[in-house]
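*Asks:* quick one, structure for this:
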Amino acid sequence: MAVAGLALAVLAVLALLAGVHRYLWRRFVGDTTARGSALRRAGTVAAYVLPLLSVGALVAGRAGAPFWLQRVLAWPGYLWLAAVLYLTLALLVGEAVRPLLRRALAVRADRTKGAYADPMPTEGAAFTSPSPGVNPPETTASAAPATLLADVPAPGRPNAPTRRLFVARAVGGAAAVAGLGTVGYGTYGVLRGPRVKRITVPLAKLPRSAHGFRIAVVSDIHLGPILGRAHTQRIVDTINRTQPDLVAVVGDLVDGTVADLGPAAEPLARLRSRQGSFFVTGNHEYYSGAAEWVDHVRELGLHPLENARVEIGGFDLAGVNDVAGESEGQGPDFARALGDRDRTRAAVLLAHQPVVIHDAVAHGVDLQLSGHTHGGQLWPGNYLADLANPTGAGLDRYGDTQLYVSRGAGAWGPPVRVGAPSDITVVELASLRA
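*Replies:* Numbering: from 1, shown residues only. Prediction:
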C-alpha cells in the first residue's frame, strides 16, 4: 500500500509539472511565435530539455552518478525549477492584466478608427441619393465582424502585429523579466553569502558569569554540486569576524559523500572561537553517509554531539541526532543527552529540526537552536514552512523553553532564496540574575 501511495504521489507530481510546462510553452512560445519559425522550434526544444535537466539534477546524486555529472546537471536543472515557479506566478498575474490590456487597446482603436475612415465620398465621386424604397448599400466596415477587428492590424499599419499578438508578447515579456529577474536576484543572495543576524536571548538560570556569552549559529550550509569550497570559506570568514565564544553547526552541512565533498568542507578547520565548534547531524547527513561525516568533521576540529552533553561555563550544551537517523537506529535520544543533568543549570540544545521542541520542553531545556526550514527559501514557501514546523524562522517560546530557528546559510536544490535571506545568527545569552 505504501509503495502504491508513493507511486500515485509521483504520478500526480509529474502530471502537475507536465501541465505547468504545457502552460508555460503556450504563453511564452505558442501565443507569441509563428508556426514553423525558428523561435518556436527553439522554445519547443527548451520546453522538453529543461524539465529533463531538472529531473536529472534531482536524481543524479541518489542514483550514484559521477560527481562531475551532478555538477553539470545541477546549475541548469535546479535554476530551472526556481524559474518555473516564478515564471508561472508572473504569468498568473498576467492573466488578470491580459483582458484589461486588450480592452484598453480596443477602446483606443475605436477612438482612432475615425481618423482612417472616409465619411465623405472620395474626390471626384458623385453622390447619389438613394431612390425611394431602395436601401443604401452596406459599407465594408459595417460588414466586418467586431471580433475580427480586434485581431487585425491597425488601419494604415498593415505590417503591425494584431492586438491579440501584441498583448501576448507584452504580457509574456513582462512575465519573463519579472520571473527571471526574481531568480537572478535570489541567486545573487545565495552566492553572496549569508549576512550576520544578532539576537539576545535571556535565560533565567544563566549565571552572571555567563552573561553576554555569544554563540554563532550556522545551519543548512548544504555543500554539494553547486555550493562548494568558496561557499564554506565565506561562511568561515563571516563567523570568525564575529569573534564568537562558541560555534554551533546545526545540521545539513552536506548533500553528498565525504569522497566528493571532503575538500569543500576543509575550511571549517579554520573556525575560531573561545570554546570551540560543535556539530549535530541534520536529515541530509543521513542521505550522505552520516557516520563518515561525523568522523570527518571531528578530523576538522569540530566536536560532534551525538545525543551527548558538555558543560560550557555556566550552562550545559547538549546535542541530539536528527530524527532522520531513526531509520538507521541513530535517532535523537533525549534521555541520553539530558536525562541525568542538573536542572538548576541552564541548558542549550542543538537539534536540527524544530519539531523536537516538545521533547526539549519535557526535558527542561531553556533554549533550543535549530535550522532545517530555510525560512521557506522560496516565497511563498514560508507559508508551507510555518505549517510544517512549530516555528518557521526566528525566536519563539514554548512554555519555559525558547526556540530559535535559523534560516540557514546555504540553499537546497535551486541556489536561490526569495523572501528568506540566508543568515548566520549570533545568539547572545543574557542572565536575569542580579
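*Asks:* now the strands for this structure?
*Replies:* Applying DSSP state E to the chain gives strands spanning 195-203, 214-218, 246-250, 277-280, 303-304, 308-312, 315-319, 346-350, 367-370, 394-398, 401-405, 423-431.
*Asks:* can I get those strands in JSON lines including mean neighbour count and distance to Y286?
*Replies:* In short, each C-beta sits where N, CA and C put it, glycine included. Formatted as JSON lines, the strands of the chain follow (neighbours: other CB atoms under 10 Å; distance: least, CB to CB, whole Å):
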{"stretch": "strand 195-203", "mean neighbour count": "15", "distance to Y286": "28"}
{"stretch": "strand 214-218", "mean neighbour count": "25", "distance to Y286": "19"}
{"stretch": "strand 246-250", "mean neighbour count": "27", "distance to Y286": "15"}
{"stretch": "strand 277-280", "mean neighbour count": "26", "distance to Y286": "12"}
{"stretch": "strand 303-304", "mean neighbour count": "18", "distance to Y286": "14"}
{"stretch": "strand 308-312", "mean neighbour count": "16", "distance to Y286": "18"}
{"stretch": "strand 315-319", "mean neighbour count": "24", "distance to Y286": "15"}
{"stretch": "strand 346-350", "mean neighbour count": "25", "distance to Y286": "16"}
{"stretch": "strand 367-370", "mean neighbour count": "26", "distance to Y286": "16"}
{"stretch": "strand 394-398", "mean neighbour count": "14", "distance to Y286": "26"}
{"stretch": "strand 401-405", "mean neighbour count": "23", "distance to Y286": "20"}
{"stretch": "strand 423-431", "mean neighbour count": "21", "distance to Y286": "24"}
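*Asks:* how close does the residue most central in space within the chain get to A291?
*Replies:* By CA atoms, centre = their mean, the chain has its centre lying nearest to L378, at 2.8 Å. Look at L378 and A291: by CB to CB, to the nearest Å, they are 32 Å apart.
*Asks:* for this structure, longest helix please?
*Replies:* When the chain is parsed with DSSP state H, its longest helix is helix 67-116.
*Asks:* avg pLDDT for that one?
*Replies:* Average pLDDT, helix 67-116: 90.
*Asks:* same deal with stretch 361-369?
*Replies:* On average, stretch 361-369 scores 97.
*Asks:* try stretch 322-337
*Replies:* Stretch 322-337 shows a mean pLDDT of 94.
*Asks:* contacts made by it with the rest, please.
*Replies:* 251, 280-283, 285-287, 290, 305-309, 318-321, 349, 351-353, 355-356, 359-360, 362-363 (CB atoms under 8 Å, 6 or more residues apart in numbering).
*Asks:* for the chain, give me the ranges with low pLDDT.
*Replies:* Residues of the chain meeting the criterion pLDDT under 70: 1-2, 113-161, 434.
*Asks:* buried set for stretch 91-102?
*Replies:* Buried residues in stretch 91-102, counting neighbours by 16 or more other CB atoms under 10 Å, are found at L91, G94, R98, L101, R102.
*Asks:* output it as CSV, restricted to C-alpha atoms.
*Replies:* Extracted in CSV, the C-alpha atoms of stretch 91-102 (Å, rounded to 0.1, in the frame of the first residue of the first chain):
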residue,chain,number,x,y,z
LEU,A,91,2.0,34.7,-15.8
LEU,A,92,-0.9,34.1,-13.4
VAL,A,93,-0.7,37.8,-12.6
GLY,A,94,-0.6,38.5,-16.3
GLU,A,95,-3.8,36.6,-16.8
ALA,A,96,-5.6,39.3,-14.8
VAL,A,97,-3.9,42.0,-16.8
ARG,A,98,-4.4,40.5,-20.2
PRO,A,99,-8.2,41.3,-20.7
LEU,A,100,-7.7,44.8,-19.3
LEU,A,101,-4.9,45.4,-21.8
ARG,A,102,-7.0,44.1,-24.7
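*Asks:* helices of the stretch 251-400 of the chain, start to end?
*Replies:* Using DSSP state H, counting those that start in this stretch, the helices of the stretch 251-400 of the chain run over 258-265, 290-299, 334-338, 357-362, 381-388.
*Asks:* tell me the angle of the last one relative to strand 401-405?
*Replies:* Looking back up the chat, that one is helix 381-388. 150 degrees (axes from the mean of the first three to the mean of the last three CA atoms, to 10 degrees).
*Asks:* in helix 381-388, which residues are buried?
*Replies:* Those would be G381, N382, A385, for helix 381-388 by 16+ other CB under 10 Å.
*Asks:* what's the answer for the fourth one, then?
*Replies:* Within helix 357-362, the residues scored as buried using 16+ other CB under 10 Å are I357, D359, A360.
*Asks:* any chance of those in a markdown table with distance to P51 as columns?
*Replies:* Formatted as a markdown table, those follow (distance: CB to CB, whole Å):
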| residue | distance to P51 |
| --- | --- |
| I357 | 38 |
| D359 | 41 |
| A360 | 41 |
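*Asks:* is the residue nearest to the centre of the chain in a bridge, and if so with what?
*Replies:* Taking DSSP bridges as the rule, L378 bridges to V418.
*Asks:* so who does it touch?
*Replies:* A82, L85, G186, P414, V416, R417, V418, G419, A420.
*Asks:* that one and A176, how far apart?
*Replies:* 18 Å.
*Asks:* check V49 too.
*Replies:* In this view, V49 and A176 are 18 Å apart by CB to CB.
*Asks:* does L191 touch R417 like I think?
*Replies:* No. L191 is beyond contact range of R417, at 10.3 Å (criterion: CB atoms under 8 Å).
*Asks:* which one of these two has more residues nearby?
*Replies:* R417 (27 against 15; other CB atoms under 10 Å).
*Asks:* what residues are up against the more buried one?
*Replies:* Contacts here follow CB under 8 Å, 6+ apart; on that basis R417 touches G186, G189, V190, H374, Q377, L378, A411.
*Asks:* what do you get for A60?
*Replies:* Applying CB under 8 Å, 6+ apart to A60 gives the contacts L69, Q70, L73, A74, P225.
*Asks:* count the neighbours of the third one for me.
*Replies:* Going back to what we said before, that points to L73. L73 - counted by other CB under 10 Å - has 22 other residues nearby.
*Asks:* residues in contact with it?
*Replies:* Counting by CB under 8 Å, 6+ apart, L73 touches L53, G56, A57, A60, A65, P225.
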